[in-house]
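Engineer: sequence unavailable; structure follows:
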């Protein structure tokens, strides 16, 4: 394998055709112009996120347009190898994480209010457009360049392969749990959270619920993930394959975190009925662009519940989640696979088939790209 | 007109066939069994609510099943003429209001938490089923029987014809405004509320926003209600008939109260885009049973906004709203019409056609039913 010609070029495994969404090819490319607040990360490992697949599939049952060639990957752990002149948050040699967002303006209301994940000028870690037109490239690569604010310090106690999955999957579930698990319930009641779907997102949500003082109940179609749910710390498990399952749980839940990706099998009316008054059904797993909620205003009418999605999280939340994970021994269940064209194909294919419990992390980037000596 | 044979019977104008949803007929009927906490109200006037029409239409583009004959009407003002042995909240001769809910168990979590409008054992003022099977009958009638807790004291300063519309339309908009207008915005910012649709609900929402310290902006298809919006106290008016109207209002609103009844013309994506992060789109106008939101999880993804409905309000909120209305001179714009078969037909037909600004109130019940001497 050729050694990457850094810093002139980055190298990575790129989607070159949406039909070949699971067959990335080795390419080299110019990074974005280096900004005063940018850092370069030499990548040690990178998780595989469902978004990688939905992006790679483009309009073919994915999220729509994609600029090709495209290096996906936004669960990145690596070492800081270059810092811009105004960088204050990191120094050379630090181990840092980068999730799904590489840039925010830090100058708008949303950024000022700790909601930079909703910055209208934000740029995603891959397939995002910078003001100068450069299309961002992600973490199935030798290096990645990002704004310092979007890169998070990783506590020493966390292994890189575990920290990787926390960068996107972890933050995606942690932010809504942190925001929407009610505080100070009457009579010191413990909040009850329904986690719909036990996969890459759900298995982390169960663990974070516990760390945040809530009881997690896993809702899954069949009993197949029951034992694993309890192993992860769930307080209960409900199989939703039986009609009328919801009756027993009427008015019991403070929050539903929908970690399931497809909506087609989801009986939203049933789920909303298990919420307490003004409870929230929050989706974090995003389906193909053409899948929709088909929901009547009456559906919410019985309890004033609401439906929302949550995107990523803020830097503040990311820093808190990594510390919480280190303190509470929150460990993503990952399968590692050395990065290569073959490794990418195997992992993308198996992940799409649901054949992983629960998250792939690509490793051995030094061997693939000739890095590691910096 | 025959004098009603109260207390043996009540008399009212009833829907007898959903095809004749706008042609109620004079009937007499037995009231429900009188409970220890019940009161009888001799009705002075009653507002016409959109729910009356949607109920009367049954499955014919309405809300589905209806038990016939059915006396609708749930914006009731009248005089207490009988009280149960355990009644403590009212005394004979009091002027009271009754909205869309006639009973709640007052013994469940929801009732204990000031959310009795969501009590699973609640009974609506009309077409609701009591535990003994009795189907409740509403306010186009000589009298109505209801639980004391659901009846509200009316401040002396309010005219009955105005208080009537506040019992349902008023409470329906007041409760979500009270709950969801954010308090303590940074820099003492004044909350901005979008009121979608200026009709029976919307014209009250504009007035209550002002009383609650928020700025109301009316969103309507055309400019036809612009002058009236400002007359009601709106801070702004936006015509949504022009494509792209939303761009100018990106990230500006704390809350959207959807008072429009039909969903077909509503561009939810556009509306959600004007919300601030975690803002709320709350529907209070309920369309026909077959109309649905067709909304993608992605729609909420840009700002973490949420979609909900709100139903009625609590007693505590009702009491607050009547006092607020009296203090702030909040006056529903009503057109009165003497109750009779002909009066009902005229008002129901014109209300369905949108030919009223903004609310009908039936009056002269004493003449129709031979009451008034109690």
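Structural biologist: Received it, and whenever you're ready, just let me know what you need. It should be emphasised that the depicted structure is a prediction, and the values quoted were computed from it without experimental measurement.
Engineer: can you check the pLDDT for residue A:1?
Structural biologist: pLDDT for residue A:1: 61.
Engineer: quick one: contacts of the lengthiest helix in chain A?
Structural biologist: The residue-count maximum for a helix in chain A (DSSP state H) belongs to helix A:315-328. The contact list for helix A:315-328 (CB atoms under 8 Å, 6 or more residues apart in numbering or on different chains) reads A:97, A:99, A:114, A:116, A:149-150, A:152-155, A:157-158, A:162-163, A:166-167, A:170-171, A:174-175, A:178, A:207-208, A:210-212, A:313, A:330-331. C-betas here are computed from N, CA, C, even on glycine.
Engineer: return the distance of that helix from the chain's centre.
Structural biologist: 14 Å (CA atoms, centre = their mean, to the nearest Å).
Engineer: sort out which residues of that helix are buried, please.
Structural biologist: A:315, A:317, A:318, A:320, A:321, A:322, A:324, A:325, A:326 (16 or more other CB atoms under 10 Å in any protein chain shown).
Engineer: ok, the fourth one to chain B distance?
Structural biologist: Residue A:320 sits at a distance of 18 Å from chain B (criterion: CB to the nearest CB, to the nearest Å).
Engineer: so how far is residue B:103 from that residue?
Structural biologist: 46 Å (CB to CB, to the nearest Å).
Engineer: quick one on the thing from earlier: just the buried ones from the contacts of helix A:315-328?
Structural biologist: Buried members of these, counted by 16+ other CB under 10 Å: A:97, A:99, A:116, A:149-150, A:152, A:154, A:158, A:162-163, A:166-167, A:170-171, A:174-175, A:178, A:207-208, A:210-212, A:313, A:330-331.
Engineer: quick check: the residue of the stretch 151-300 of chain A nearest chain B.
Structural biologist: residue A:300 (3.9 Å; CB to the nearest CB).
Engineer: okay, that residue: pLDDT?
Structural biologist: 84.
Engineer: okay, how far is it across stretch A:86-105, tip to tip?
Structural biologist: 15 Å (CA to CA, to the nearest Å).
Engineer: what's the least confident helix or strand in chain A, going by average pLDDT?
Structural biologist: strand A:293-295 (a mean of 82; mean pLDDT, DSSP states H and E).
Engineer: show me what that strand is packed against.
Structural biologist: Under the contact criterion of 3 or more CB pairs under 8 Å, 6 or more residues apart in numbering or on different chains; DSSP states H and E, strand A:293-295 touches helix A:268-273, strand B:293-295.
Engineer: starting at the chain centroid, how far to stretch A:202-210?
Structural biologist: 13 Å.
Engineer: over to stretch A:126-138?
Structural biologist: 19 Å.
Engineer: for it, which outside residues touch it?
Structural biologist: A:10, A:12, A:14, A:29, A:31-33, A:46, A:52, A:55, A:66-67, A:70-74, A:76, A:102-103, A:121-125, A:139, A:144.
Engineer: rerun that using 7 Å as the cut-off
Structural biologist: Stretch A:126-138 is contacted from outside by A:10, A:12, A:29, A:32-33, A:55, A:66-67, A:70-74, A:102, A:123-125, A:144, using CB atoms under 7 Å, 6 or more residues apart in numbering or on different chains.
Engineer: filter those residues by proximity to chain B?
Structural biologist: Among these, no residue lies close to chain B (CB under 7 Å from any CB of the partner chain).
Engineer: out of the residues you listed, which sit inside helices?
Structural biologist: residue A:55.
Engineer: are any of the contacts of stretch A:126-138 buried, and if so which?
Structural biologist: Members of the contacts of stretch A:126-138 classed as buried by 16+ other CB under 10 Å are A:10, A:12, A:32, A:55, A:66, A:70-74, A:102, A:123-125, A:144.
Engineer: among those residues, which ones are in strands?
Structural biologist: Per DSSP state E, strands hold the following members of those: A:10, A:12, A:102, A:123, A:124, A:144.
Engineer: in the stretch 101-250 of chain A, what residue is nearest chain B?
Structural biologist: Taking CB to the nearest CB, the stretch 101-250 of chain A has residue A:115 as its residue nearest chain B, at 4.4 Å.
Engineer: disregarding residues adjacent in the polypeptide, which is nearest to that residue?
Structural biologist: residue B:277 (4.4 Å; CB to CB, 6 or more residues apart in numbering or on different chains).
Engineer: for that neighbour, which three-state class applies?
Structural biologist: Classification of residue B:277 by DSSP: H, G, I helix; E, B strand; the rest coil places it in strand.
Engineer: go on, the one 4 residues further on?
Structural biologist: For residue B:281, the secondary structure call by three-state DSSP comes out as strand.
Engineer: so what's the closest residue to it other than its chain neighbours up against?
Structural biologist: Excluding the flanking residues, the one nearest residue B:281 by CB to CB, 6+ apart is residue B:256, at 4.5 Å. Listed by CB under 7 Å, 6+ apart, the contact partners of residue B:256 are B:194, B:196, B:271, B:275, B:281, B:282.
Engineer: dump those residues to TSV, plus pLDDT and neighbour count.
Structural biologist: What follows is the contacts of residue B:256, written out as TSV (pLDDT from 0 to 100; neighbours: other CB atoms under 10 Å in any protein chain shown):
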residue	pLDDT	neighbour count
B:194	98	25
B:196	96	25
B:271	95	23
B:275	97	26
B:281	95	29
B:282	95	26
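Engineer: so which residues on chain A come close to chain B?
Structural biologist: Remark: the part of chain A in contact with chain B comprises A:109-110, A:113, A:115, A:118, A:251, A:277, A:280, A:283, A:286-287, A:289, A:292-298, A:300-311, using CB under 7 Å from any CB.
Engineer: just the buried residues from the residues you listed, in PyMOL please.
Structural biologist: Here is the PyMOL command that selects the buried residues among the residues of chain A next to chain B (16+ other CB under 10 Å):
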select buried, chain A and resi 110+115+118+251+277+280+283+286+287+289+292+293+295+296+297+298+300+301+302+303+304+305+306+307+308+309+310+311
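Engineer: what comes into contact with the least confident helix or strand of chain A?
Structural biologist: Outside strand A:293-295, the residues touching it (CB under 7 Å, 6+ apart) are A:263, A:268, A:307, B:292, B:293, B:294, B:295, B:297.
Engineer: thinking again about what came up before, just the buried residues of helix A:315-328 now: which is nearest residue A:231?
Structural biologist: Set against residue A:231, the nearest of those by CB to CB is residue A:325 (17.2 Å).
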